[in-house]
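Visitor: just a sequence and a predicted model for now, questions to come.
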Amino acid sequence: MRSLRFVLFLFLLSALNLSKAQTAGSTSLRDTIRTLGKLSLVLRDQNAKLARQYGRRSLSLAIQSGDTCLIAHGYLDWGNANNSIYPDSAYIAYRQGLKLSYYCKNSSIRADFFHNIGELLSSAGNRHDAVIYYDSAMQIARQSGDSVILSMTLINYAFFRLENGDTTTAIKEFRKVTSFPPVRGNVANIALAISALINCGDVPPEQVIMLYDSAIQLLNSVPGHEESISQLYINKSTRLPALEALPLLRTAIAISPVYCHTNILAAWNLMAYAYAELGDYKKATVILADSAIPLGEKIKNYDWLSTIYDSYAEILSMTGQFEQAYQMQRKAMACYVADNVRKNTKQLTLLMSMMDVRIMNEKLNQQSLLIEFQKARASRLQLWWSIALLGFGIVFLFWLLFLNKQKVKAQRLQMEAASRLVTLGDHFNESLANELHDTSSLLALAISGSNSNDIEQIRKNISRLSHQLLIKPEQIGFEDQLRTLADTYITFFAANVNLHLHSELPVIKNDQQIHLLRMVAEMFQNSVRHASAATISLQSYLKGQTLIIVFQDDGPGFDPMAHGAGMGLESLRQRAVLIKATLDLQTAPGRGVTWRITVRI
């Protein structure tokens, strides 16, 4: 009897030790997955490849554990790792994790899934569905009673409203976040809300610096917020003179984590401007050329590279190095185009992934309906054959209607996707149309200048006219360019042109010269081709630092309200916008046309 009791005692003791060992192992695995998740979230914008490795490892360990909640966390980590570079993979991961999260007692992870899916839908342009997911995340956060979860959800919702132009609602939500208790998990969100309120202009100017200091002090009270503190130092520096801003920018670079490249790039960019403002252009260019540009090229952040190249061009222009500035501006434009192409490609990929998920869900629904239908038919066949046949006919009819509805819906989705692609190409087509308009006008002018149908004569006219209208701002002064332009129309159309040009114009930027000459050429073309003007008057004069060009003709004029804006008029307006000029038109039937261009040089 004693031996039996002893054996039972040993069995219970071993079972207890095994239970403790399993609990310890589960806790250790959970901590490992949590650490991998944090790393994948932190590194996704800086080192996408490494972030995806951590996210994949987290999901693999979670699946091996067999714990539903851990698997949901693994899908969250995998989605976070892909969020920036592969949004389509992130969307699928979030959807899978959301299904599993309903089996977890902790509702906070479900709020994370709703928020992340809403964020992806918003970036894809589906703001209607995004609002639904954001509202669901807010509702779950409120029900949880956890201030940390609620503050995080509120701050994300506020930024979503701000991006969509609803500043009033965004400010309201930011204020709510600032009222939360400053516990460890809320500190970063409160500081972020304070900074957002400052940027929204909801804070009196005299309190801005004080609020930045209070936010920095709040973050310093809890370790681990160096990235947010660095951002606040950068934001604060924009509110101070250059001499006071430089120490803050150096501090921001010093405390910024090595993986937070965007903070470092922003600080270097502002530091270059600060040195330029103080007159130390050499340091400004060295910072951009030796530090900011190499880092931007290393991480292939074309958005920031475009900004830095643009800043470099502006500082070079301040020192009179216009040729180098022009080269930097071209690089800035190339980076801007590359960044837009990458963003548009990501958005299109995400839209296609969402369509695939919808189609997959529809297939699953169809399969489910088919199974239910087969079960019902089998039961009815056993009872009433005739009734079953009649029911099958009715269901089959509704089935055809359902398929037709789904087909129409799929076609509508395809049309919406095609419409988005057409919109992306409109901007390119608009600039191409302007260049085609100028080229076609030149060709028409050359042909009309020929009195014969001789192709060789037309070719010579084109060659002669192209040489006369060739814009060479680096070789010929602006006044001479205007005279050459007027002589061209006198030669080809025997136009009566009166010139009153300012004789001593200052140096005008190349891009301004090119656009101004193209605008005057367009006015000449309109007068000789459409107005049959007898006399054309072209004047230019200076008023301080402002150049004023007045173009008049005594043609029949026209009613601007009755005529739509053709390519020529639209080209004039677009070129005026590009050089920040003011373009005024005065005309009426029977009163000729007067154009007035005002631009600061």
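Guide: Nice, I can see it.
Visitor: phi and psi next, for residue 477.
Guide: Dihedral pair for residue 477: phi -70, psi 160, per degrees, to the nearest 10.
Visitor: which residues sit in contact with it?
Guide: Contacts of residue 477 were listed using Cβ atoms under 8 Å, 6 or more residues apart in numbering, and they are residue 505. Glycine gets a C-beta too; all of them are placed from N, C-alpha and C.
Visitor: can you give me the domain assignment for this protein?
Guide: 349-448, 471-600 (automatic domain parsing).
Visitor: so which strand or helix has the residue lying closest to residue 83 once chain neighbours are set aside?
Guide: Leaving aside its sequence neighbours, residue 83 sits nearest to residue 90 (Cβ to Cβ, 6 or more residues apart in numbering; 4.5 Å). Following DSSP states H and E, one finds residue 90 within helix 87-101.
Visitor: what's the angle from the following helix or strand past that helix to helix 87-101?
Guide: Sequence-wise, the next helix or strand downstream of helix 87-101 (DSSP H and E) is helix 108-123. Angle, helix 108-123 to helix 87-101, by axes from the mean of the first three to the mean of the last three Cα atoms, to 10 degrees: 150 degrees.
Visitor: other residues contacting helix 108-123?
Guide: By Cβ under 8 Å, 6+ apart, helix 108-123 touches 69, 72-73, 76, 79-80, 83, 87, 90-91, 94-95, 97-98, 101-102, 104, 127, 129-134, 136-137, 140-141, 144, 146, 149, 153, 156-157, 160, 163-164, 347, 350, 354.
Visitor: again, only using 6 Å
Guide: Helix 108-123 is contacted by residues 72, 87, 91, 94, 97-98, 101, 129-130, 133-134, 136-137, 140-141, 144, 149, 153, 156 when judged by Cβ atoms under 6 Å, 6 or more residues apart in numbering.
Visitor: narrow those to those that are buried.
Guide: Among these, the ones that count as buried by 16 or more other Cβ atoms under 10 Å are 72, 87, 91, 94, 97-98, 101, 130, 133-134, 136-137, 140-141, 144, 149, 153, 156.
Visitor: follow-up on the earlier one: contact partners for the residue nearest to residue 83?
Guide: By Cβ under 6 Å, 6+ apart, residue 90 lies in contact with 79, 82, 83.
Visitor: got it, and residue 293?
Guide: Here residue 293 is in contact with residue 308 (Cβ under 6 Å, 6+ apart).
Visitor: buried sites along stretch 274-287?
Guide: By 16+ other Cβ under 10 Å, the buried positions in stretch 274-287 come out as 274, 275, 276, 281, 284, 285, 287.
Visitor: with just CA atoms, put it into CSV.
Guide: Listed next in CSV are the C-alpha coordinates belonging to stretch 274-287 (Å, rounded to 0.1, in the frame of the first residue of the first chain):
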residue,chain,number,x,y,z
ALA,A,274,20.5,76.5,-42.2
TYR,A,275,24.1,76.8,-43.3
ALA,A,276,23.0,78.3,-46.6
GLU,A,277,20.9,80.9,-44.7
LEU,A,278,24.0,81.7,-42.6
GLY,A,279,26.0,82.2,-45.8
ASP,A,280,28.2,79.1,-45.4
TYR,A,281,27.4,77.6,-48.8
LYS,A,282,30.4,75.3,-48.7
LYS,A,283,29.3,73.4,-45.6
ALA,A,284,25.8,73.3,-47.0
THR,A,285,26.9,71.6,-50.3
VAL,A,286,29.3,69.3,-48.5
ILE,A,287,26.5,68.0,-46.2
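Visitor: how distant is that stretch from the center of its chain?
Guide: Centroid separation for stretch 274-287 versus its chain: 29 Å, with Cα atoms, centre = their mean, to the nearest Å.
Visitor: surely residue 283 touches residue 274?
Guide: No. When contacts are counted by Cβ atoms under 6 Å, residue 283 is not listed as touching residue 274 (9.4 Å).
Visitor: sec struct for residue 589, please.
Guide: coil (DSSP: H, G, I helix; E, B strand; the rest coil).
Visitor: could you pull out the helices for the stretch 251-400 of the chain?
Guide: In the stretch 251-400 of the chain, the segments counted as helices under DSSP state H, counting those that start in this stretch are 261-277, 281-287, 293-299, 302-318, 322-383, 385-448.
Visitor: tell me, which of those is the model least confident about?
Guide: Note on these: lowest mean pLDDT is at helix 385-448, with a mean of 64.
Visitor: and residue 497, what helix or strand is that in?
Guide: Using DSSP H and E, residue 497 falls in strand 496-500.
Visitor: so what touches that strand?
Guide: Under the criterion Cβ under 6 Å, 6+ apart, residues 486, 490, 535, 536, 537, 538, 539 lie in contact with strand 496-500.
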